[in-house]
Each structure stands twice: as structure tokens, then as C-alpha cells.
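Asks: Generate a structure from the sequence data that follows.
(one chain, ligands or ions: 2)
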Amino acid sequence: MAPPKPIPLEQAQERICALASPFPIEQVKSADAIGRYLAQDILARRTQPMADLSAMDGYAVMSEDLGGPWRVTGESAAGHPYAGTLSKGEAARISTGAIMPDGAGAVLLQENATRDGTALSLNGEGEPTPRHIRRAGFDFATGDVLLNQGTVIGPAQLALAISGGHGTLPMRRRPSLAVLDSGDELGADPANCGPHQIPASNGPAIAALAQPFVSQVHRIGPVRDTMEAMMEGLERASVADVIVTSGGASVGDHDLVRPALEKWGAEIDFWRVAMKPGKPLMVARRGEQVILGLPGNPVSSFVTAYLFLLPLLRTMAGASESLPYATPLPCVDPLPAGGTRTEFLRGHFVAGGVAVIDEQDSSALRALAAADVLIRRDIETPATKANDMVPCYRIQNGGIA
Ligand SMILES: Nc1nc2c(c(=O)[nH]1)N[C@H]1C(S)=C(S)[C@@H](COP(=O)(O)OP(=O)(O)OC[C@H]3O[C@@H](n4cnc5c(N)ncnc54)[C@H](O)[C@@H]3O)O[C@H]1N2
Ligand code: MOO
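Replies: Ligands and ions are numbered 1, 2, ... in the order given. Next up is the predicted model:
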């Protein structure tokens, strides 16, 4: 039977994301929410700053009393406000982040002051100014939306949520993942492979790509190229919400993933995508479980995990943006017109943009590991000249940048 016609990349990404059902919401300690997506909008539970604060170390004075001299009548330090109300001719020693005393409306930098005991005067370098005051609520006020549902929590978002009074955050429960390597040629121990074996490297790479988005990863295999071994592998994988296989997805005599999935009761959603590398990608479903059959070639498996598995996991995690986004960058090499498949070329950063890596074979791991970007070439896109802008997906930093 002839294999089905490959479907367009965009349609394949849409179909895979449509298979994801949102996972239940759980409250997570804010610091443990890093890398996860908010399940609800986060509203400020407090106002920041809670009062007018000084932005500098110096002296607080009345706004109608900018010329001095003054008498220092007390101090406002961070955590220890000034007691009482400031009057004309009075100044309060104040530190950065400390609350402006009642009655005060300007701050004199200590560099611009001469102080002798409690006597304070200008030294000619500058006057008190309200510009050194951070106004109450200028960052946020109680009830403001601080972070939208679907936002990923990184270090800055974590700081904002904590500052807004949130010790815990509502996140979607993360799916569990099973990663299955298949192929008679695969060895489990990279240091001890027989002469006809290669180390199973796809599983560890896929697991590492997925790790931020999943609760746990079950590693299965290497599984032999027999129907019995595949069925047993799938049975072991059935504990997981998402199952990823690599290898055996193409049309060869030993490519058993599709028949095994069908025998196991999975329904194939689509098989084959008009992309390079990654054409044999297979997507199936069994009940609520989603199964991705990635091609065995290591670069194909990495690229399809990046373009399909991660969007699926992000959708399950409740991300507002599931697909990776392309940044236009100048390509120092001219590129030929696009062909009949959307192509992802491995490229690396050079002065002035990106350059195409010479080796583009879909098994070449050294070239993949040297790549900073995948350069996207759409179907039949016109040829480009040196330094034309091309869409680039960043895969620096293990594919998660
Ligand atoms: N007649 C055709 N042949 C092929 C087609 C086609 O359309 N017609 N498609 C080609 C494309 S494109 C790809 S990609 C490969 C993918 O094939 P499979 O998914 O069946 O993968 P395998 O044959 O099992 O393995 C391919 C290659 O990758 C190595 N491999 C497999 N698993 C791992 C692993 N876990 N770790 C490291 N390396 C792995 C394997 O040893 C092979 O060298 O099919 C083309 N053929
Ligand atoms: O996925 Mo294959 O790598 O297109 O050669």
C-alpha cells in the first residue's frame, strides 16, 4: 500500500495541538512554578510601592522648602518609618526604599548636602527634587492584573508574583511522558556498543527537550524490531499521558511503529508531513493518550520533537503560545528557492547574522550540536541573496532558548 501524501507542516501542528486536552489546575509553591504556565490571571494582592518611597539616600524635606537650611529631626529607614510630620525647616535622614515622612515632598541627595550635627544645608551641587520619589502604586496596585493566564513563569515573573503577594500559583498539572527508542541496532550503554550497534541517543535528547514541561519521564528500550517487543514496549509506556517513539516510522520492512500502534488500539491521526527533516512523523491517539512516532534519524527526531512534541506539551500545560516563534535574521549565505517540503536548515551565529552549516544530513549530530538556529525555508519560497532576512528558530541552549 502506498504511504499517504504528506500533509503541510502548519496543518500537522494544528492537528497535534487539537489533540491536547487541558490538564487540571493545581496550586504550586511560587518558586516551584518556574517553567510552567499560569492557569489563571494573577491579580495583585497588594500595592507596590505601598507608599511614596525615596529612590535615593539623602534627606526628605517639604516641597515648598527647597532652599534650606534645615534641621535634621529624625530618620526614615527601610522598614522603620519616620514618626510624625515634617514641618518647614525640618529634614529627615532617608534611605533608598524608605517611606517618605508625612509632609515631605522632595529628596535632597546626600552628595548635594553639607551636614554638621543636626544642621543641614545645600553644598551648591543640586537642590531637593520630587523626581527622587517613587510614587505609591506606580508599579502596581491591589487588583491589577499582573500576569495573564498562559504566561510562562520565569525568574522575572516569579519575582512579580511573589511581590504581588502570591506564595502559591495556579498551574496546570503537567503530563507524564514515555520515551521509547526502537531499533535492533541500538545499544543502551553508549560506552559498550557492539560493532553493529549505535548508542540510542534519540531518547535522551527527546527526554531532555521535554523535561521542563512534564511531571516525569519513563525511558523505555531500546526495543527490538519485533511486533512482540513493540507491543510490550507500548504496554509499558501506557502509564504515560504522552508517548513518544523514535525510529521505525518510515516505510521499511522493519518499520513497525504504525502496525504496532494499530494493533495496540491506537488510532492514527496523521502520518507523514511535508517537511525536511522529519517527513515520516506519525501522530496517533488512544483514549486520552497522545502518541508521537518520531523518525529515527537523530536530527529528524530532534527537529520534530521541537516542532511537534513541545507545542503539544505546551498546549497541555496551558501555554498561551504553543508554537515556537521564528525571529527574522540576516543570512550571510544565499539560499536556493524552497522545494516541495518546508525545510529546516541547521545554522549558526556569525558576525552580522546566521550562516548555514555545510553538513545538512538528517543523521549528522555534530552539525546539530553546533547549530544555534533552524532556518526555515517554506515550500517554494523564492531564492534569497546573501544577507537577506530569513526566519530562524533558536535552538541554542538545548533547543529551549
Ligand atoms: N523508501 C523510503 N525510505 C525512507 C523514507 C522514505 O520516504 N522512503 N524516508 C526517510 C526519512 S525522511 C527518514 S527520517 C528515515 C526515518 O526512518 P525511521 O523512522 O523508520 O527510522 P529508522 O529506519 O528506524 O532509523 C533511521 C536512522 O536513525 C537511527 N536511529 C533510530 N533510532 C535511533 C535512536 N534512538 N538513537 C539514535 N539513532 C537512532 C537508525 O540507526 C538509522 O540510522 O527513513 C528514510 N527512509
Ligand atoms: O526525516 Mo528524514 O530526515 O526527512 O531524512
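Asks: so what's the residue in the chain positioned nearest to ligand 1 up against?
Replies: Ligand 1 sits closest to residue 296 of the chain, with a gap of 2.5 Å, by Cβ to the nearest ligand atom. C-beta: built from backbone N, CA, C; applies to glycine. With contact taken as Cβ atoms under 8 Å, 6 or more residues apart in numbering, residue 296 is in contact with 182, 183, 202, 246, 247, 248, 249, 250.
Asks: List the buried residues in stretch 28-39.
Replies: Within stretch 28-39, the residues that qualify as buried are 28, 30, 33, 36, 37, 38, 39, counting by 16 or more other Cβ atoms under 10 Å.
Asks: Just these: which are in strands?
Replies: In this view, the buried residues of stretch 28-39 that belong to strands under DSSP state E are residue 28.
Asks: rewinding a little: mind putting the contacts of residue 296 in a markdown table, secondary structure and neighbour count included?
Replies: Output for the contacts of residue 296, formatted as a markdown table (DSSP: H, G, I helix; E, B strand; the rest coil; neighbours: other Cβ atoms under 10 Å):
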| residue | secondary structure | neighbour count |
| --- | --- | --- |
| 182 | strand | 29 |
| 183 | coil | 22 |
| 202 | helix | 30 |
| 246 | strand | 32 |
| 247 | coil | 32 |
| 248 | coil | 27 |
| 249 | coil | 28 |
| 250 | coil | 19 |
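Asks: wait, which of those residues is closest to residue 195?
Replies: Distance from residue 195 was checked for each of the contacts of residue 296 by Cβ to Cβ. The minimum falls on residue 183, at 15.7 Å.
Asks: That closest one reaches residue 226, doesn't it?
Replies: No: with contacts counted by Cβ atoms under 8 Å, residue 183 stays clear of residue 226, the gap being 11.4 Å.
Asks: Can you give me every residue that contacts residue 303?
Replies: Contacts for residue 303 were tallied using Cβ under 8 Å, 6+ apart; they are 275, 277, 278, 344, 374.
Asks: where's the second one relative to ligand 2, distance?
Replies: Pointing back at residue 277 there. Note on residue 277: its distance to ligand 2, by Cβ to the nearest ligand atom, to the nearest Å, is 3 Å.
Asks: ok, that residue to residue 362 distance?
Replies: To residue 362, residue 277 is 4 Å away according to Cβ to Cβ, to the nearest Å.
Asks: Which neighbours do these two have in common?
Replies: Between them, residue 277 and residue 362 have 295, 297, 299, 300 as joint contacts when contacts are counted by Cβ under 8 Å, 6+ apart.
Asks: Nearest residue to the third one in space, please, no chain neighbours.
Replies: Counting by Cβ to Cβ, 6 or more residues apart in numbering, residue 299 lies nearest to residue 362, which is 4.5 Å off, once chain neighbours are set aside.
Asks: quick one: least confident helix or strand in the protein?
Replies: Of all the helices and strands that make up the chain, helix 396-399 has the lowest average by mean pLDDT, DSSP states H and E, namely a mean of 53.
Asks: For the residue nearest to residue 299, which three-state class applies?
Replies: Taking DSSP: H, G, I helix; E, B strand; the rest coil as the rule, one finds residue 362 in the coil state.
Asks: Would you map the helices across this structure?
Replies: 9-18, 155-163, 202-210, 227-237, 257-264, 298-304, 310-316, 365-370, 396-399 (DSSP state H).
Asks: so which of these is the most packed in?
Replies: helix 298-304 (a mean of 26; mean count of other Cβ atoms under 10 Å).
Asks: Average pLDDT for that helix, rounded please.
Replies: Confidence over helix 298-304 (mean pLDDT, whole number) is 97.
Asks: Pull it out as PDB, backbone CA atoms only.
Replies: What follows is the C-alpha trace of helix 298-304 in PDB, where atoms were taken according to Å, rounded to 0.1, in the frame of the first residue of the first chain:
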ATOM      1  CA  PRO A 298      18.700  11.800  15.100                       C
ATOM      2  CA  VAL A 299      18.300  15.300  13.500                       C
ATOM      3  CA  SER A 300      14.800  14.400  12.300                       C
ATOM      4  CA  SER A 301      13.800  13.200  15.700                       C
ATOM      5  CA  PHE A 302      15.200  16.400  17.400                       C
ATOM      6  CA  VAL A 303      13.500  18.800  14.800                       C
ATOM      7  CA  THR A 304      10.100  17.000  15.000                       C
END
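Asks: anything in it near ligand 2?
Replies: Yes: counting by Cβ under 6 Å from any ligand atom, ligand 2 is contacted by helix 298-304 at residue 300.
Asks: ok, that helix near ligand 1 or not?
Replies: Yes: Helix 298-304 is in contact with ligand 1 by Cβ under 6 Å from any ligand atom, via 298, 300.
Asks: how much space between the closest residue to residue 104 other than its chain neighbours and residue 116?
Replies: Nearest non-adjacent residue to residue 104, counting by Cβ to Cβ, 6+ apart: residue 60, 3.8 Å away. Distance of residue 60 to residue 116, given as Cβ to Cβ: 19 Å.
Asks: ditto for residue 350
Replies: With the distance defined as Cβ to Cβ, residue 350 ends up 62 Å from residue 116.
Asks: Which one of the two is surrounded by more residues?
Replies: Using other Cβ atoms under 10 Å, the more surrounded residue of residue 350 and residue 116 is residue 350, with 13 against 7.
Asks: Give me the spatial nearest neighbour of that one, chain neighbours excluded.
Replies: What sits nearest to residue 350 in space, not counting adjacent residues and going by Cβ to Cβ, 6+ apart, is residue 332, at 5.9 Å.
Asks: Just confirm residue 28 contacts residue 35, I think it does.
Replies: No: using Cβ under 8 Å, residue 28 is not in contact with residue 35, being 11.0 Å away.
Asks: Which residues are in contact with each of these two?
Replies: A shared contact of residue 28 and residue 35, defined by Cβ under 8 Å, 6+ apart, is any residue touching both; here there are none.
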